[in-house]
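Colleague: Next comes the sequence, and after it the predicted model I'd like to discuss.
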Amino acid sequence: MKKAALFLLSGVFFLVSFSAISQTTQEQLQQIRSKVVEVFEGKEYYIHTVKRGQTLYRISKAYNVDVDELIRENPQVKEGLKADQKLRIPATGLKPAVKETKPVVKKEKSVASNEKVVTTADTLFKPDSTVQVELLPCGKDTTTKKAIYQVALMLPLYLGEVDQLNAEDPGPDIFETSKSLQFLPFYEGFRLALDSLEKTGLRIKLYVYDVDKDTARTRQLLKKPELKSMDLIFGLLYHRNFQMVAAFAEKNEINIVNPVSERSDLVTGNPYVFKVRPSKRTQAGQLAAFMAQSFYRGQVLIIRNGQYADKDAPERLKKECQDLNMNVQIVEGQEAAIGRLSKEKDNFLICFSENPAYTIDLTRRMYELRNEYNLVVVGLPDWPAMEGLETEYLVTLKTHVMSANLIDYDNLYVKKFVRQYQNIYKSDPSLLAFQGFDMSIYFLTALKNFGTNIQRCLGEVKMNLLQNNFDFSQKKGNGFENQHWSIYKYENYKLVKAN
């Protein structure tokens, strides 16, 4: 039994070694890149020889070009990648970018002031100076690095209710009924990653704050003088509370991370917010890019279901597919889909349905047609949790699903994390524990490598995470939103990563 009061109030933290997970993929990508460069029609190209097992997505990442650009330059890949096939890849993806120069507004502060000093890679000359200095590359700029970073972790821990817990004789459902234990796994996962990074030399002064739904208490918390000196804030908070803390973070120019909300409006107008959980509106682009490299032969049928809440989702996906020159059409319901199936082509069916009865009936009917047509079904993130879906149907239909937090328990890193968590906390990790670990290992690694000016260099952080990868995108004037969705497929009666 977890003794929550001991973990939350005693200040005793546990050390584990888990640095292997933070290894980057950069070396692997460098090994893929060709050194052969040729000029064609006045433009430089890398000549890449395809190795067995390589995918368009992997190759595009190695050369820092879009998948659709690869397809435009090499239309033959629509027939599938083959070992020893030669690809022409624009060399511009790996060319050094023109270094920026910007004017700067620099804040001065006295020793007695609590105002945060802004020192970024852009602060290289005075506002009235005419001499401009080039920005340093990510990792080379040390102007925002510190010996010790101050980090705030805000969680609804309900410490005032800890005394009501009966640690000697807990009920079987104590973790579901006790608010004090509900969000504790996030802290535990976060701490495991922090302990690992501290072994690599990172020094963090961690402030843990109990922030519940009471906005008045949150307002009082924000008056604490040390908060203005934070280098990074993690806020697993209720929506209104997060908005208050995010406004405070913007005013004091502090980066703040939201780990679990899907709401895109969190980043609107606030360039200091990082939203980790991707919104459903970003699914279309990710799915289309995946299909362009995996389902490039045959036709794509998008089955529209009137019960699906996001009415525009089928049209967004159709446009993304058309932009990648795919054969795609929207059909109204499964009867229309069956009427459009081709015996000569592969049939890829994307079903926008969260209704269990509709989804079960669709997969059953397509299963009955398995011997007449070559079928691949693509479903939504909720499908793996739907009761009544026959695994036999999903496997036979080569079903693919998208997910923002599906955990592969066969993964080596996941197994190691589970083992460490069980040894320390004497229980199995929940999804929140995985999320806490991923947030900590990713953003604190960025802090360690690049200092407090992580916005410019966050794309350089590449690592193996436990429940989803991060690919942050920013629109002008807004914060950063993760765009990455993992795609899994049913294979040998289990879900395996497909992208």
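Modeller: Structure's in. What do you need? Residues are numbered from 1 along each chain as shown.

Colleague: which residue packs closest to residue 411, ignoring adjacent ones?
Modeller: Among residues not flanking residue 411 along the chain, residue 466 sits closest, at 7.7 Å (CB to CB, 6 or more residues apart in numbering). From N, CA and C alone the C-beta is placed, and that goes for glycine too.

Colleague: Could you say which helix or strand holds the one you found?
Modeller: Using DSSP states H and E, residue 466 sits in no helix or strand.

Colleague: mind showing which ranges of the stretch 151-300 of the chain have poor pLDDT?
Modeller: Residue ranges of the stretch 151-300 of the chain with pLDDT under 70: 160-180.

Colleague: And the strands in it?
Modeller: In the stretch 151-300 of the chain, the strands defined using DSSP state E, counting those that start in this stretch lie at 204-210, 232-235, 255-258, 273-275, 299-304.

Colleague: Go through those strands and name the closest to residue 37.
Modeller: Closest to residue 37 of these is strand 299-304 (CB to CB; 35.5 Å).

Colleague: and whatever helix or strand comes next after that closest one, what does it pack onto?
Modeller: As assigned by DSSP H and E, the chain's next helix or strand after strand 299-304 is helix 313-323. Where contact means 3 or more CB pairs under 8 Å, 6 or more residues apart in numbering; DSSP states H and E, helix 313-323 is packed against helix 283-294, strand 299-304, strand 328-332.

Colleague: now the helices for the stretch 301-450 of the chain?
Modeller: 313-323, 333-340, 356-368, 391-396, 412-425, 431-450 (DSSP state H, counting those that start in this stretch).

Colleague: and the closest residue to residue 292 other than its chain neighbours, what does it touch?
Modeller: Closest residue to residue 292 apart from its sequence neighbours, by CB to CB, 6+ apart: residue 324 at 4.2 Å. Shown in contact with residue 324 (CB atoms under 8 Å, 6 or more residues apart in numbering): 67, 68, 71, 288, 289, 291, 292.

Colleague: Please identify which of these is nearest to residue 152.
Modeller: Closest to residue 152 out of these is residue 289 (36.0 Å), distances taken as CB to CB.

Colleague: Residue 83: neighbour count?
Modeller: If you count neighbours by other CB atoms under 10 Å, residue 83 ends up with 10.

Colleague: How much space separates the residue nearest to it when sequence neighbours are not counted from residue 375?
Modeller: Leaving aside its sequence neighbours, residue 83 sits nearest to residue 52 (CB to CB, 6+ apart; 4.5 Å). Per CB to CB, to the nearest Å, residue 52 is found 27 Å from residue 375.

Colleague: now residue 244
Modeller: Using CB to CB, residue 244 is found at 50 Å from residue 375.

Colleague: now swap in residue 236 and tell me
Modeller: 41 Å.

Colleague: repeat for residue 353
Modeller: For residue 353 relative to residue 375 (CB to CB), the value is 16 Å.

Colleague: Residue 468 too?
Modeller: Taken as CB to CB, the span from residue 468 to residue 375 is 28 Å.
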